[in-house]
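J.: need coordinates for the below:
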Amino acid sequence: MLDEKTRYRLLKLLDANPELSQRQLAEALGVSVGKTNYCLRALLDKGLVKVRNFRDSSNKLAYAYYLTPKGAQAKVKATAQFLKVKVREYQEIQQEIEELKREVGAADHGIH
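T.: The predicted structure is shown next:
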């Protein structure tokens with residue numbers, strides 16, 4: 001249930017904003033709170049994230065999710081994998097654009 005894109009985005013969000021609630025994380029990820037909870041538990045079980053309680057004036061007891069050193073390494077790995085996927089997608093789009101340009105050029109010249 002924790003696909004590479006979700007893992008990358010969640011680790012990135014937690015690294016930048018450890019104080020985000022599960023509801024805020026869910027909204028940022030575009031997934032349900034249940035999936036967010038499941039994903040956080042998976043990261044906790046793997047030792048990639050640790051949770052700390054903190055007191056907040058608007059919320060009597062809140063949690064902060066921090067990346068562990070192992071989590072920071074996982075974030076780097078997830079980032080590299082995500083980058084590979086995006087580069088491949090970019091190259092495929094570039095190829096498709098070139099094919100479309102050729103089609104348009106051929107149509108402009110009455111060549112099929």
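
J.: how far off centre is the helix-or-strand element of the chain with minimal mean pLDDT?
T.: Least confident element among the helices and strands of the chain, by mean pLDDT, DSSP states H and E: strand 49-54 (a mean of 86). Centroid separation for strand 49-54 versus its chain: 20 Å, with Cα atoms, centre = their mean, to the nearest Å.

J.: following it, which helix or strand comes up?
T.: Sequence-wise, the next helix or strand downstream of strand 49-54 (DSSP states H and E) is strand 62-67.

J.: before we move on, the earlier item: other SSEs contacting the least confident helix or strand of the chain?
T.: Packing partners of strand 49-54 (3 or more Cβ pairs under 8 Å, 6 or more residues apart in numbering; DSSP states H and E): helix 33-45, strand 62-67. Every residue, glycine included, has its C-beta placed from N, CA and C.

J.: ok, of these, where does mean pLDDT dip lowest?
T.: If you rank the helices and strands packed on strand 49-54 by mean pLDDT, strand 62-67 sits at the bottom with a mean of 89.

J.: just the CA coordinates for that strand, please, in PDB.
T.: Taking Å, rounded to 0.1, in the frame of the first residue of the first chain, the C-alpha atoms of strand 62-67 are listed here in PDB:
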ATOM      1  CA  ALA A  62       0.000  16.500  19.500                       C
ATOM      2  CA  TYR A  63       2.600  14.400  17.700                       C
ATOM      3  CA  ALA A  64       5.600  15.200  15.700                       C
ATOM      4  CA  TYR A  65       7.100  12.700  13.200                       C
ATOM      5  CA  TYR A  66      10.800  12.900  12.800                       C
ATOM      6  CA  LEU A  67      13.000  11.000  10.300                       C
END
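
J.: quick one: distance of the helix or strand just after that strand to the chain centre.
T.: The helix or strand immediately downstream of strand 62-67 is helix 69-108, counting by DSSP H and E. Here helix 69-108 is found 16 Å from its chain centre; the criterion is Cα atoms, centre = their mean.
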